[in-house]
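In: sharing a sequence plus its predicted fold:
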Amino acid sequence: MLAAFLCLLFADPISYRLSLADGTRTTARLTLPTTPEGAVLVESDDTRSVFRPYAVSGATATVVGKLSRWEALPTKGGWLLQRPRGGALPLDAPLLTFHDLRLFLGKRIAEQGSKPLRFWQLGYASERPGLDRVDLTPYGTESVSVGGKRVIARRYRASIKLWLNGKTQRSTLYLGPSGELLRADPPFVSAPLRAASLLAKNAEGVLTITYRQPGYSLRAEPTDTGYQIKALVEGHTVAGSVLTDKTGKPLRIENDFPGKPFVGISEPEGLSWTLDAPQISRTVLPDEEDLPLFPAQLFATALWEKAFSTVGVQHSGVLMLLHDGLPDEVTIERLADPAIGLRRYRFTGETFKADLITDGTRLHLLRLADGSQIIASDGEGLLSGVPALTWL
C-alpha cells in the first residue's frame with residue numbers, strides 16, 4: 001500500500017471545477033495511478049461537500065476518506081462502514097494548539113528564524129480533528145494597554161485557512177514582551193479572548209495569564225520536559241491539557257473532544273490521535289452483481305467502466321459517499337456516446353441521480369439532478385455541446 005501511495009508523487013493531477021447546489025464553488029484534483037495497483041487520489045478544497053479528499057486502490061479495495069466522518073474497510077462479501085477512532089495528521093510545519101498558542105507563540109516564531117512563518121493549528125470542530133494552516137507576516141509594533149500597563153506589542157498579520165470548510169480568516173495578532181498572545185483583531189477561531197494581564201511567572205516557575213472573560217485563565221506548571229498547560233474557569237480546572245517541551249512545542253494533547261476523550265501524540269512525522277468514542281458501524285453486503293462505487297471512482301472511471309462494453313448495458317451498483325454512512329443503490333446505464341472518444345452514463349438512485357461523461361478512463365463532466373456540476377479543465381465545451389438529461 002505504501003508503494004501505491006508513493007506512485008502518486010510522480011503523477012500530474014487533473015483539475016476540476018465544482019459547482020454544488022448549496023452555492024459552494026471550489027476546485028478538486030484527480031491523480032491517476034502510474035501502475036494498475038496504484039491508488040487513485042481525489043482532493044477537494046471544500047470539505048463540507050460529499051467530495052472530500054478520498055483515495056481508493058483497485059487492487060486492495062481499501063477506501064480512505066481523509067476528512068470523512070466514515071471509513072470503509074473490506075470484509076468478506078462486502079464493506080464495514082465505521083466512524084474512525086484514530087489516525088495520523090502529517091505535519092510539514094510546527095504544530096500549535098489553543099493552549100500553547102497563547103503562551104508560547106513568540107518562542108515558536110523565534111525558532112523559525114528566517115524561515116516563512118507557517119504553522120498548523122489543531123482544530124476540534126467535527127467528528128475528527130483537523131489542521132488549520134496559519135501563515136504569519138511581521139507587521140511592526142504598537143503600544144497597547146494590558147491590565148493598566150502599557151507595553152510595546154509585536155504585531156503579525158495572520159492568514160488562517162480552516163480545514164473544516166476551506167475558508168480563510170484574517171487577523172492581526174499582538175504579542176506581549178514574553179511572546180504571549182495578548183489579542184487577535186478581529187478574533188479568529190482559536191483566539192476569541194483578550195488578555196487582561198501579561199504573562200506572569202512565580203517563584204516555583206508556574207506561568208499564568210488571565211483574560212477579560214470573567215474567571216478564565218491559563219496555567220502552565222513546569223515538568224521535567226517542559227510545561228503542562230491547563231485552562232481554569234473561576235479557579236476550577238477545565239478538562240483537557242497540553243504537555244509541551246521547554247520551548248512550548250506540544251508533545252501530548254488531551255481534550256474532551258465534543259464529549260469524547262481525545263488524545264494526540266506529537267511524533268517526528270506528524271500527530272497521531274485517538275478518539276475514545278462509542279463505535280458506530282454498519283455492514284454493507286452488496287449482491288454479487290452489484291458494483292461497489294466510492295466518490296473517487298466517479299472521477300477515475302477505468303476502475304469500473306470495463307463492465308460496460310457496449311451502449312445499452314446496465315448494471316446495479318451501491319454508491320457509498322461516506323458522509324453519512326448510508327449507501328445508495330443505483331442503476332447505471334451506458335447511453336449513446338456523445339462524441340468520438342467519449343462515453344455517457346446515467347446513474348439513477350433514490351438520492352443520487354447523475355449524468356456522467358467520460359473518456360473511458362476519467363470524468364470529463366458530471367451533472368447531478370439537483371444542479372450540482374463537476375467539470376474537468378478540458379470538459380467545458382461539453383456543457384453547451386451535450387444537452388443535460390431530464391429527471392422526473
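Out: Everything's here; your move.

In: now do the helices in the chain.
Out: Along the chain, counting by DSSP state H, helices occupy 2-6, 98-112, 295-299, 302-305, 381-385.

In: need the winner for burial among those helices.
Out: helix 295-299 (a mean of 24; mean count of other Cβ atoms under 10 Å). C-betas here are computed from N, CA, C, even on glycine.

In: so what does that helix touch, helix or strand wise?
Out: Here helix 295-299 touches strand 39-44, strand 54-57, strand 363-368, going by 3 or more Cβ pairs under 8 Å, 6 or more residues apart in numbering; DSSP states H and E.

In: quick one: closest of the ones you listed to residue 167.
Out: The minimum distance between residue 167 and the helices and strands packed on helix 295-299 falls on strand 39-44, with 13.9 Å, by Cβ to Cβ.

In: still on that earlier bit, make JSON lines from the helices of the chain and add mean pLDDT and distance to residue 261 to it.
Out: Shown next, in JSON lines, are these (pLDDT from 0 to 100; distance: least, Cβ to Cβ, whole Å):
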{"stretch": "helix 2-6", "mean pLDDT": "37", "distance to residue 261": "30"}
{"stretch": "helix 98-112", "mean pLDDT": "92", "distance to residue 261": "16"}
{"stretch": "helix 295-299", "mean pLDDT": "85", "distance to residue 261": "30"}
{"stretch": "helix 302-305", "mean pLDDT": "87", "distance to residue 261": "38"}
{"stretch": "helix 381-385", "mean pLDDT": "86", "distance to residue 261": "49"}
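
In: out of those helices, which gets nearest to residue 18?
Out: helix 295-299 (11.1 Å).

In: report the backbone C-alpha coordinates of the closest one in CSV.
Out: Written as CSV, here are the backbone C-alpha positions of helix 295-299 (Å, rounded to 0.1, in the frame of the first residue of the first chain):
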residue,chain,number,x,y,z
PRO,A,295,-16.5,9.1,-4.8
ALA,A,296,-13.0,8.6,-6.2
GLN,A,297,-14.5,6.1,-8.7
LEU,A,298,-16.7,8.8,-10.1
PHE,A,299,-13.5,10.6,-11.1
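
In: and the helices and strands packed on helix 295-299: which comes nearest residue 276?
Out: Nearest of the helices and strands packed on helix 295-299 (Cβ to Cβ): strand 54-57, 25.8 Å.

In: quick one: pLDDT of residue 309?
Out: According to the prediction, residue 309 has pLDDT 93.

In: what is the neighbour count of it?
Out: Here the count is done by other Cβ atoms under 10 Å, and residue 309 has 8 residues near it.

In: list the contacts for it?
Out: Residues near residue 309 by Cβ atoms under 8 Å, 6 or more residues apart in numbering: none.

In: dihedrals phi and psi, it?
Out: phi -70, psi -30 (degrees, to the nearest 10).

In: quick check: it vs residue 357, distance?
Out: 18 Å (Cβ to Cβ, to the nearest Å).

In: do residue 98 as well
Out: As judged by Cβ to Cβ, residue 98 and residue 357 stand 46 Å apart.

In: residue 291 contacts residue 314, correct?
Out: No: taking contacts as Cβ atoms under 8 Å, residue 291 lies outside contact range of residue 314: 11.0 Å.

In: look at those two and report which has more neighbours.
Out: Neighbour count, other Cβ under 10 Å: between residue 291 and residue 314, residue 291 has more, with 17 against 12.

In: tell me the confidence at that one?
Out: If you check residue 291, the pLDDT there is 84.

In: any idea what it is bridged to?
Out: residue 317 (DSSP bridges).
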